[in-house]
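Trainee: after the sequence you'll find the predicted model.
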Amino acid sequence: MSLRTRQADFNNKNKNDTSMSRQQWLDPIVVTLNGTPCIEEYVKIGDDPRGRLIYYFLFSNDRAIEIDLSLIDNSTRPGLPRSDWRPRAEALVDKLKEKIRFEVLHGTTRN
């Protein structure tokens, strides 16, 4: 199943969900992350267009490593103090993205 097909299926299943946790997959784009081409995709959660950030590093047309980064506001749970968590979370995501390195070694085996 292609990424766009999976995305369309997921969005179609959730189109009538009106909750704040409703997920909508936005169009993926090809980017370069630390010198490696990959596919970047955001998933809108509720009214947050950057609720999840997913990177796909491709081995072939049907194989990839997926890195999924979710930004979830748990400060709205009862009993927890409200906080301005988003800037710190986005800074952490930026630091994590700087550390991602991906290399495919073709024709080698490791024991």
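Mentor: Looks like it came in fine.

Trainee: where in the chain is pLDDT low?
Mentor: By pLDDT under 70, the low-scoring segments of the chain are 1-4, 6-8, 10-11, 14, 17-21, 104-111.

Trainee: who does the closest residue in space to P28 that isn't next to it in sequence form a beta bridge with?
Mentor: Using Cβ to Cβ, 6 or more residues apart in numbering and skipping the chain neighbours, the partner closest in space to P28 is E41 (4.0 Å). For glycine as for every other residue, the C-beta is placed from the backbone atoms N, C-alpha and C. Beta bridges link E41 to I54 when assigned by DSSP bridges.

Trainee: E41 contacts R50, doesn't it?
Mentor: No: the pair E41 / R50 is not scored as a contact, 11.2 Å apart, by Cβ atoms under 8 Å.

Trainee: between those two, which one's more packed in?
Mentor: E41 (19 against 16; other Cβ atoms under 10 Å).

Trainee: so E103: helix, strand or coil?
Mentor: Following DSSP: H, G, I helix; E, B strand; the rest coil, we place E103 in the coil state.

Trainee: likewise K95?
Mentor: helix.

Trainee: quick one: neighbours of it, just the number.
Mentor: Under the neighbour criterion other Cβ under 10 Å, K95 is assigned a count of 9.

Trainee: equivalent analysis for A64, please.
Mentor: 15.

Trainee: once you drop chain neighbours, what's closest to it?
Mentor: Leaving aside its chain neighbours, A64 sits nearest to Y56 (4.4 Å; criterion: Cβ to Cβ, 6+ apart).

Trainee: and P49, what does it touch?
Mentor: L26, Y42 (Cβ atoms under 8 Å, 6 or more residues apart in numbering).

Trainee: gap between it and N12?
Mentor: 19 Å (Cβ to Cβ, to the nearest Å).

Trainee: quick one: contacts for the residue nearest to P28?
Mentor: L3, Q7, W25, L26, D27, P28, I29, L53, I54, Y55, Y56.

Trainee: enumerate every residue touching the closest residue to K97 other than its chain neighbours.
Mentor: In space, and not counting its chain neighbours, K97 is closest to L33: 6.4 Å by Cβ to Cβ, 6+ apart. Under the criterion of Cβ under 8 Å, 6+ apart, the neighbours of L33 are E40, Y55, K97, I100.
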